[in-house]
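Peer 1: Predicted model follows, preceded by the sequence.
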Amino acid sequence: MPDFQLETPVAFIIFNRPDTAARVFAEIAKAKPTKLLVVSDGPRANKSGEAEKVAETRAIIDRVDWDCEVLTNYSDVNLGCKIRPATGIDWVFEQVEEAIILEDDCLPDPTFFRYCQELLERYRYDQRIAMISGDNFQFGYRRNDDSYYYSRYTHIWGWASWRDRWQNTHDLELAHWPKVYDEGLIYDMLQNKKEAEYWAAIFERVYRGEIDSCWDYQWTFACWLQGRLTILPNQNLISNIGFGVDATHTTTECELANLPVEALDFPLIHPFGVIGNQTLDNRAFKRIFCKPLSLRLRSKIARMVRGFLGQ
């Protein structure tokens, strides 16, 4: 894409994984953003050797060798994977109106940056759209030749959004959840009893503090509360290379690990209307979220084995 210039700020969320962070940084460096905002958590005091890993990961940012304004937001203490990404994204949108956001294990195809930039511009003032994601979990299935579709799912392995979508909507404590639950609004949001029950159970656990290590469920809830859609590409643009025993959440291999990416063609083919794709969303729910019993049992056994081995 020799005629493409990345002008959109890129936010890079890093922690203690210099190997994956270096690979993602290499793709950012190829895109040469004019502004790079880096968010990092601090090391855990009880984790031997982590301070060195965090320092090694942060040192990767010193490799910026193109014309680029670099802003950093580094925590001296460990805030955790709920507070640090959320406060980091808060900080990002205090600095810029819109941004492309990558975590240190989300490896993008080079066309991801142009895709995000063009759609950030196209939908900048369209409040129906919450964000643009680079993820496609349809495993080759597509309904048409459009470059992307509209979804209710807020996949965040490589995404982009605007300040006015994030600020004053993302709420880590899910303050509005009791009212949504009491009035049965989750069923109105999803129009699917099984799916509504699935997500109601998750939101209830988040609200009660039983799931205290995430920020993305709250983002999903915020977008649904506002009736907003996510743009998803019709082919996968992000590969999560972070699955493994040293990961925070993605500690077991699954079919979403290391998905291949495919370059997107330009000019983009836009859908003719803004309609949530229920067919593809239903496929995603059944394939990704509503796991068959055999897969749930296999995952449980894997966790038990890791616990027995002390991993």
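Peer 2: Great, that's in hand. Just so it is clear, the model here is predicted, and its values are computed rather than measured.
Peer 1: which residues touch the nearest residue to Glu195 once chain neighbours are set aside?
Peer 2: Residue nearest to Glu195 in three dimensions, not counting chain neighbours: Phe285, with 5.4 Å by CB to CB, 6 or more residues apart in numbering. (C-beta placed from N, C-alpha, C; glycine too.) Applying CB atoms under 8 Å, 6 or more residues apart in numbering to Phe285 gives the contacts Asn192, Glu195, Tyr198.
Peer 1: just Ala31 next, same as before
Peer 2: Contacts of Ala31 (CB under 8 Å, 6+ apart): Leu6, Val10, Pro110, Phe113.
Peer 1: Mind doing that once more with 7 Å?
Peer 2: Shown in contact with Ala31 (CB atoms under 7 Å, 6 or more residues apart in numbering): Leu6, Pro110, Phe113.
Peer 1: What of Leu119?
Peer 2: The neighbours of Leu119, taking CB under 7 Å, 6+ apart as the test, are Ile132, Ile231.
Peer 1: Pipe the contacts of Phe285 into CSV and attach neighbour count per row.
Peer 2: Output for these, formatted as CSV (neighbours: other CB atoms under 10 Å):
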residue, neighbour count
Asn192, 15
Glu195, 20
Tyr198, 16
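Peer 1: Closest one to Glu173 out of those, please.
Peer 2: Closest to Glu173 out of the contacts of Phe285 is Tyr198 (21.2 Å), distances taken as CB to CB.
Peer 1: Quick check: phi and psi on that closest one?
Peer 2: Tyr198 adopts backbone torsions of phi -60, psi -50, taken as degrees, to the nearest 10.
Peer 1: go on, Phe221?
Peer 2: Taking degrees, to the nearest 10, you get phi -60, psi -40 for the backbone angles of Phe221.
Peer 1: Next: Gly88.
Peer 2: Torsion angles at Gly88 (phi, psi; degrees, to the nearest 10) stand at phi -70, psi -40.
Peer 1: What does the pLDDT read for the residue nearest to Val10 when sequence neighbours are not counted?
Peer 2: In space, Val10 comes closest to Pro33 once its chain neighbours are excluded; the distance is 4.2 Å by CB to CB, 6+ apart. Listed pLDDT for Pro33 reads 98.
Peer 1: show me where the chain has helices.
Peer 2: 18-31, 50-59, 80-95, 111-122, 163-166, 177-182, 185-190, 193-208, 216-225, 278-284, 293-309 (DSSP state H).
Peer 1: Give me the residue ranges of the stretch 201-311 of the chain where confidence is low.
Peer 2: Applying pLDDT under 70 to the stretch 201-311 of the chain picks out residues 244-253, 291-311.
Peer 1: want to try CSV for the contacts of Phe285, with pLDDT and distance to Arg163 as columns?
Peer 2: Shown next, in CSV, are the contacts of Phe285 (pLDDT from 0 to 100; distance: CB to CB, whole Å):
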residue, pLDDT, distance to Arg163
Asn192, 89, 32
Glu195, 94, 30
Tyr198, 95, 31
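Peer 1: Closest to Gly273 out of those?
Peer 2: Nearest member of those to Gly273, counting by CB to CB, is Asn192, at 21.5 Å.
Peer 1: Now the closest one. Its backbone dihedrals?
Peer 2: Phi and psi for Asn192, reported as degrees, to the nearest 10, are phi -150, psi 110.
Peer 1: oh, and call the first residue 54 from now on, that's how I've got it
Peer 2: Taking 54 as the first residue, the last one we looked at is Asn245.
Peer 1: From Arg205, how far out is it?
Peer 2: Separation of Asn245 from Arg205 (CB to CB, to the nearest Å) stands at 10 Å.
Peer 1: again, but for Glu147
Peer 2: From Glu147 over to Arg205 the distance is 28 Å, taken as CB to CB.
Peer 1: So these two - more neighbours on which side?
Peer 2: Arg205 (22 against 10; other CB atoms under 10 Å).
Peer 1: Pull out the buried residues from stretch 60-78.
Peer 2: Across stretch 60-78, burial judged by 16 or more other CB atoms under 10 Å covers 61-71, 73-74, 76-78.
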